[in-house]
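> Based on what follows, work out the 3D shape:
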Amino acid sequence: MQTEIIISGFGGQGVLFAGQLLAYAAMEQNLQVTWIPSYGPEMRGGTANCTVIISDEEIGSPVVGSPKVALALNLPSLDKYEPLIKTGGLLIVNASMVDRSPRRTDIQTVMIPASEIAESLGDKRMTNMVMLGALLGNLPILPEEAIAKVLREHTTERMQKMLSANLEALKRGMNYLAEKVTS
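As a prediction, this is how the structure comes out:
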């Protein structure tokens, strides 16, 4: 099993942090992992993305041309990465920041109002956790507890203050489709 994931958005949306959480959680599960960040000189407000590969075997190359999964936190990210996803792959889109539906029909798409969910929890900075939860809820590559453990053990004291809120954001993202279907 090898899963290539691209997480992309504006600088300041926590794209790189979400990728780091996935990478650390995969390592905690004794999986092979690579994490490569990429961001423009603008940082906050510019483009940012990261590539995470999780595998139960040695990873041959950290470079990904066609990921299995893409998380698009904004419209430029959707425009850039939607065409690259492997057929049968997964695209998760922050519907709060995108004004169009994905065009491809050969992939699974999840439109989630991640920014709105994060704001309802009190802080739009948790959008990345909602998106990460949507990933885990639609492609169970790692258990929720692995992400929770990393949040507890590998984040700064400043981030620890947001631990329970981040865990709730993760849960909301994981349960979004189930809640939507039952309501």
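> When you work out contacts or count neighbours from here on, use the C-alpha atoms and nothing else.
Will do.
> for the top helix by length along the chain, which positions count as buried?
For the chain, the helix with the greatest residue count under DSSP state H is helix 163-182. Neighbour counts using 16 or more other C-alpha atoms under 10 Å place 163, 165-177 of helix 163-182 among the buried residues.
> JSON lines please, covering the residues you listed and showing pLDDT.
Rendered in JSON lines, the data for the buried residues of helix 163-182 read as follows (pLDDT from 0 to 100):
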{"residue": "L163", "pLDDT": "89"}
{"residue": "A165", "pLDDT": "92"}
{"residue": "N166", "pLDDT": "92"}
{"residue": "L167", "pLDDT": "94"}
{"residue": "E168", "pLDDT": "95"}
{"residue": "A169", "pLDDT": "96"}
{"residue": "L170", "pLDDT": "95"}
{"residue": "K171", "pLDDT": "95"}
{"residue": "R172", "pLDDT": "95"}
{"residue": "G173", "pLDDT": "96"}
{"residue": "M174", "pLDDT": "94"}
{"residue": "N175", "pLDDT": "92"}
{"residue": "Y176", "pLDDT": "88"}
{"residue": "L177", "pLDDT": "72"}
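> pLDDT value on the most centrally placed residue in the chain, please?
When the chain is reduced to its mean C-alpha position, the nearest residue by C-alpha atoms, centre = their mean turns out to be L132, at 3.9 Å. For L132, the model assigns a pLDDT of 96.
> who's in contact with it?
With contact taken as C-alpha atoms under 8 Å, 6 or more residues apart in numbering, L132 is in contact with A18, L170, G173, M174.
> What of V150?
Counting by C-alpha under 8 Å, 6+ apart, the residues that V150 touches are L21, Y24, A25.
> Nearest to D123 among the residues you listed?
L21 (18.9 Å; C-alpha to C-alpha).
> Pretty sure the closest one sits against A148.
No. The pair L21 / A148 is not scored as a contact, 9.2 Å apart, by C-alpha atoms under 8 Å.
> Same drill for those two, tell me which one is more crowded.
The neighbour comparison of L21 against A148 (other C-alpha atoms under 10 Å) goes to L21, with 22 against 18.
> Confirm the more buried one sits in a strand?
No. With DSSP: H, G, I helix; E, B strand; the rest coil as the criterion, L21 is assigned helix and is not in a strand.
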